[in-house]
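**Q** Below are the sequence and a predicted model for it; my questions follow.
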Amino acid sequence: MRKPSPLVSIGIQWGALAGALTVVLVIATYYIGARHPLMISPFMDFRILLSGVCIFFSLREFREGHQQGTLYFWQGMAGSFIMVVVAGTIASFLLLIFCSLESTFIPSYVKAMTEYLKTFPAEDIERIGKEVYASNLEQLPATNAKQIASLYFTQSLAIGLFVSMILSVILRKQPKQE
């Protein structure tokens with residue numbers, strides 16, 4: 001059996017770590033009792049920092065340990081993509097398990113989101129459309145673990161791929177021309 005590329009294996013290792021840490025932080029945030037962890041804006045989410053740290057160290061490990069200090073942009077993006085997909089998949093799967101074990105997690109999210117949506121000013125409701133607003137508010141009580149895990153995966157991909165582009169540019173090093 002052929003051994004996987006270091007780019008793949010390093011991405012999988014760091015992705016597994018990032019995915020597990022993500023869920024640990026979600027669970028810790030939930031039990032601390034502050035704001036519901038799913039109500040934190042993706043722009044202020046700890047996944048930005050966690051993805052950044054894990055992508056940085058995975059690309060650096062690949063560049064220094066297997067490429068003699070060389071990293072092309074495409075390698076950075078490929079390695080980051082693998083790490084982000086693995087992290088998002090593991091985090092979503094573990095979140096799905098947590099939702100099924102903790103019976104108050106989804107209802108507390110639905111309650112917090114309903115309260116949040118009811119604070120929308122009239123001009124924001126007009127902008128998004130009264131029907132869309134009413135439909136979202138009406139469908140919220142039917143939220144289930146699969147929907148939450150799917151949303152979390154999608155958000156994790158968006159956050160991770162954005163951070164990937166930045167770090168792939170920063171960490172790239174091409175061989176010196178002689």
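**A** Yep, it's here. Because the structure is a prediction, the values reported are computed rather than measured. Numbers count the residues shown, from 1 in each chain.
**Q** Can you tell me how far the residue lying closest to residue 46 once chain neighbours are set aside is from residue 14?
**A** Taking C-beta to C-beta, 6 or more residues apart in numbering, and ignoring the residues beside it in sequence, residue 46 has residue 25 as its nearest neighbour in space, at 5.6 Å. C-beta: built from backbone N, CA, C; applies to glycine. Shown here: residue 25 relative to residue 14, a distance of 16 Å by C-beta to C-beta, to the nearest Å.
**Q** out of those two, which sits in the more crowded spot?
**A** In this comparison of residue 25 against residue 14, neighbours counted by other C-beta atoms under 10 Å, the higher total goes to residue 14 at 27 against 16.
**Q** Now that one: closest residue in space, sequence neighbours ignored.
**A** Beyond its immediate neighbours in the sequence, the residue positioned closest to residue 14 (C-beta to C-beta, 6+ apart) is residue 58, lying 3.7 Å away.
**Q** center of this protein, which residue is that?
**A** The central residue of the chain, meaning the one whose C-alpha is nearest the mean C-alpha position (C-alpha atoms, centre = their mean), is residue 156 at 2.1 Å.
**Q** Send me the lowest-mean-pLDDT helix or strand in the chain as PDB with only the CA atoms.
**A** For the chain, the helix or strand with the lowest mean confidence is helix 122-128, at a mean of 85 (criterion: mean pLDDT, DSSP states H and E). C-alpha atoms of helix 122-128 as PDB (Å, rounded to 0.1, in the frame of the first residue of the first chain):
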ATOM      1  CA  ALA A 122     -38.400  47.300  10.900                       C
ATOM      2  CA  GLU A 123     -36.100  48.700   8.100                       C
ATOM      3  CA  ASP A 124     -34.000  45.500   8.300                       C
ATOM      4  CA  ILE A 125     -37.100  43.400   8.000                       C
ATOM      5  CA  GLU A 126     -38.200  45.400   5.000                       C
ATOM      6  CA  ARG A 127     -34.800  45.000   3.400                       C
ATOM      7  CA  ILE A 128     -34.700  41.200   3.700                       C
END
